[in-house]
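*Asks:* For reference, the sequence and a predicted model appear below.
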Protein chains: 2
Amino acid sequence: MDYLKIFSPATVANVSCGFDSLGFAVDAIGDEMTFTKTAKKGVKISKITGADLTYNVDENAASAVVQKILKEANANFGVELTIHKGFSPGSGLGSSAASAAGAAFGTNQFLGNIYSELELTKFAMFGEEVACGSAIADNVAAAIYGGFVLVRSYEPLEIVKLPVPEKLRVVAIHPQIEVKTKDARAVLPMEIPLKDAVTQWANVGGLISGLYTDNYNLISNSLVDIIVEPHRKKLIPFFDDVKQAAINAGALGAGISGSGPTIFALCKGNKIAKKVLKSIEESYKNTEIDFTMFISKVNSEGMKIIESK
Amino acid sequence: MDYLKIFSPATVANVSCGFDSLGFAVDAIGDEMTFTKTAKKGVKISKITGADLTYNVDENAASAVVQKILKEANANFGVELTIHKGFSPGSGLGSSAASAAGAAFGTNQFLGNIYSELELTKFAMFGEEVACGSAIADNVAAAIYGGFVLVRSYEPLEIVKLPVPEKLRVVAIHPQIEVKTKDARAVLPMEIPLKDAVTQWANVGGLISGLYTDNYNLISNSLVDIIVEPHRKKLIPFFDDVKQAAINAGALGAGISGSGPTIFALCKGNKIAKKVLKSIEESYKNTEIDFTMFISKVNSEGMKIIESK
């Protein structure tokens, strides 16, 4: 194989109650990346479209990951990359994660799949570190494993792939404002009441049980975040209105995607998802803020190979 | 039906990471209770063996629950109770919960099972309030539903029954010392670091995933409590030694049962459980503290009817 074109999904991290430990991949939105094997060792980015990102191979999340894997594997070839960003950096949908995870997946194909999903996640976390300054796992793991994932532990890294109920749909709105990850971290308290933590982990348990048993009511009841959302929602204009609009239209729940500003809603079935999309759209179109929206399945399979030769 | 004899199981609440939200029922240890229908309305306790408990029907957890249910159902009969406590109050194995849950279950049989498990749990919580001053749900729900349970929410009450991997065994040691629930609560911090809470809820997620997928490694990795155990273990002499002895002998994990002093270990299979029992016994027999021990399956079915006529 000398050429590969892949789709690397956008991802929703945190998922209400599961701050810093849950994430899922999206089907409709993501990056397209191509990999061309070159005789010359090393990595080169020949084209980036859809966003204004650096071509510096040490600073770009994708090329930094390719470089690290080629070195680690002692590869006797190089890789030329193109990246088409299908969604905006800074949206809270794991933009750098999609690039980093895609880079790890694609390079591994050229190496004959010598690395496991867990190892690919570690490589992709290096890309997150290059792009954002911290090696977080929830977005990259969701992109690589697909479906819902739980980051059970960082030391050692342990990722648990969770099942996805068939009718689960995600609706998301991306208000065109900037929420800096640094600010989103800064608004969080260092300490929280023990009793709130208990409420939150009971909801994490409920959400995960709901995913295993296709229990949409339980998923809905558990999609509650009493710890992070109350602080972060202040950074997202009209968050409460969007959430209410989603719930009113029948969504199972709604919350902040990653550190925002994208707001996601989970729904049972296409019909309700379409109503939720419309309801959110109605609520936001009277604001002065531009926005984009999408509706999607949860992506169960993770990375997709579009073309190879 | 005019006569009923039942077994109401002991229960382990908290289960390491799941403080105030997880619990499971034990097969080998519990109370035996008899219920005799009487023409005269109201409730009477005719015999209590195995422990020194009050015969005052308003103050005894079991009779208080029977009384409440009979009144609520507007029953045209009364109940005469006998209670044989199969394990000590104050052990941390849900003694008052076994009585209260058994009382709810037995009375419901006489009423033709008009109440659901959730409703029985609410009645039994009243018994906990009578006995301990607070209407906690984890022990009574585990006794009524059987197996593992998650208390997802109190307002409204929502209990999730979790699956039990077939080979799961529990080994427990009850050091004959008193740990007052009040003291066990008093040592806990009101506030905890957010990053510790994240670690804990990732472990709750891991434990529940492990139960759904029979993944004993994941159960083992997730049986960690970084929030409550470090404080409460100080109230239980030689806790660290017992835990280490259990782990050394192959236990999946070990922790404090309820608010102690009983220490439980979960194991995969009988063979390892027997080794763990022996290892803990060896570690404790050189202390000056008396103790009892047991080995058991996790009780999947909850309450058992021993005799009815």
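*Replies:* Ah, there it is.
*Asks:* For the stretch 1-150 of chain A, which residue gets nearest to chain B?
*Replies:* residue A:21 (4.2 Å; Cβ to the nearest Cβ). For the C-beta atoms, the positions are set from N, CA and C on the backbone; glycine is no exception.
*Asks:* what residues are up against the nearest residue to that residue once chain neighbours are set aside?
*Replies:* Spatial nearest neighbour of residue A:21, excluding adjacent residues (Cβ to Cβ, 6 or more residues apart in numbering or on different chains): residue B:202 at 4.2 Å. When contacts are counted by Cβ atoms under 8 Å, 6 or more residues apart in numbering or on different chains, residue B:202 touches A:20-21, A:150-153, A:204.
*Asks:* distance of the nearest residue to residue A:22 once chain neighbours are set aside from residue A:233?
*Replies:* Counting by Cβ to Cβ, 6+ apart, residue A:22 lies nearest to residue A:15, which is 4.3 Å off, once chain neighbours are set aside. Per Cβ to Cβ, to the nearest Å, residue A:15 is found 15 Å from residue A:233.
*Asks:* ok, now residue A:35?
*Replies:* 39 Å.
*Asks:* More neighbours: which of these two?
*Replies:* More crowded of residue A:35 and residue A:233, by other Cβ atoms under 10 Å in any protein chain shown: residue A:35, with 26 against 20.
*Asks:* Name the residues linked to that one by a beta bridge.
*Replies:* residue A:4, residue A:81 (DSSP bridges).
*Asks:* for whichever helix or strand residue A:65 is part of, packing partners?
*Replies:* Assigning secondary structure by DSSP states H and E places residue A:65 in helix A:61-72. With contacts taken as 3 or more Cβ pairs under 8 Å, 6 or more residues apart in numbering or on different chains; DSSP states H and E, helix A:61-72 sits against strand A:42-49, strand A:78-84, helix A:95-110, helix A:117-132.
*Asks:* And it, what's buried?
*Replies:* Going by neighbour count (16 or more other Cβ atoms under 10 Å in any protein chain shown), the buried part of helix A:61-72 is A:61-70.
*Asks:* Mean confidence (pLDDT) on that helix, please.
*Replies:* Mean per-residue pLDDT for helix A:61-72: 98.
*Asks:* export it as CSV, just CAs?
*Replies:* What follows is helix A:61-72, C-alpha atoms only, in CSV (Å, rounded to 0.1, in the frame of the first residue of the first chain):
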residue,chain,number,x,y,z
ALA,A,61,-0.5,17.6,15.5
ALA,A,62,-0.8,15.2,12.6
SER,A,63,2.7,15.4,11.3
ALA,A,64,4.2,15.3,14.7
VAL,A,65,2.4,12.0,15.4
VAL,A,66,3.5,10.5,12.0
GLN,A,67,7.0,11.5,12.7
LYS,A,68,7.0,10.0,16.2
ILE,A,69,5.6,6.7,14.9
LEU,A,70,8.0,6.4,12.0
LYS,A,71,10.9,7.0,14.3
GLU,A,72,9.6,4.5,16.9
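*Asks:* Show me where chain A has its helices.
*Replies:* Assigned by DSSP state H, the helices in chain A fall at A:61-72, A:95-110, A:117-132, A:138-145, A:181-186, A:194-213, A:216-222, A:229-232, A:239-248, A:270-284.
*Asks:* Quick check: pLDDT value at the residue of the stretch 1-150 of chain A closest to chain B.
*Replies:* 97.
*Asks:* I'd say residue A:263 and residue A:171 touch.
*Replies:* No - here residue A:263 lies out of contact with residue A:171, judged by Cβ atoms under 8 Å, at a distance of 9.1 Å.
*Asks:* what is in contact with the two at once?
*Replies:* Shared contacts of residue A:263 and residue A:171, defined by Cβ under 8 Å, 6+ apart, comprise A:246, A:280.
*Asks:* can you pull up the bridge partners for residue A:175?
*Replies:* residue A:291.
*Asks:* So which residues on chain A come close to chain B?
*Replies:* A:17-22, A:150-153, A:158, A:160, A:162, A:188-194, A:197-206, A:208-209, A:212, A:218, A:221-222, A:227 (Cβ under 8 Å from any Cβ of the partner chain).
*Asks:* hmm, 6 Å instead?
*Replies:* Residues of chain A lying near chain B by Cβ under 6 Å from any Cβ of the partner chain: A:20-21, A:150, A:152, A:160, A:191-194, A:197-198, A:200-202, A:204-206, A:208-209, A:212.
*Asks:* In ChimeraX, select just the buried ones from the residues you listed.
*Replies:* In ChimeraX, this line selects whichever of those come out buried by 16+ other Cβ under 10 Å:
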select /A:20,21,150,152,160,192,193,194,197,198,200,201,202,204,205,206,208,209,212
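*Asks:* What confidence value was assigned to residue A:301?
*Replies:* So, for residue A:301, pLDDT stands at 87.
*Asks:* ok, how many other residues are close to the closest residue to it other than its chain neighbours?
*Replies:* Leaving aside its chain neighbours, residue A:301 sits nearest to residue A:146 (4.7 Å; criterion: Cβ to Cβ, 6+ apart). By other Cβ under 10 Å, 23 other residues sit near residue A:146.
*Asks:* Am I right that residue A:146 is in contact with residue A:25?
*Replies:* Yes - applying Cβ atoms under 6 Å, one finds residue A:146 in contact with residue A:25, separated by 5.1 Å.
*Asks:* So for the two, which residues contact both of them?
*Replies:* A:299, A:302 (Cβ atoms under 6 Å, 6 or more residues apart in numbering or on different chains).
*Asks:* residues touching residue A:67, list them.
*Replies:* Residues in contact with residue A:67, defined by Cβ under 6 Å, 6+ apart, are residue A:43.
*Asks:* From the rest of the structure, what touches stretch A:117-135?
*Replies:* A:61, A:64-65, A:68-69, A:96, A:100-101, A:104, A:108, A:136-137, A:140-141, A:144-145.
*Asks:* mind listing what's buried in it?
*Replies:* Buried residues in stretch A:117-135 (16+ other Cβ under 10 Å): A:117, A:119-132, A:135.
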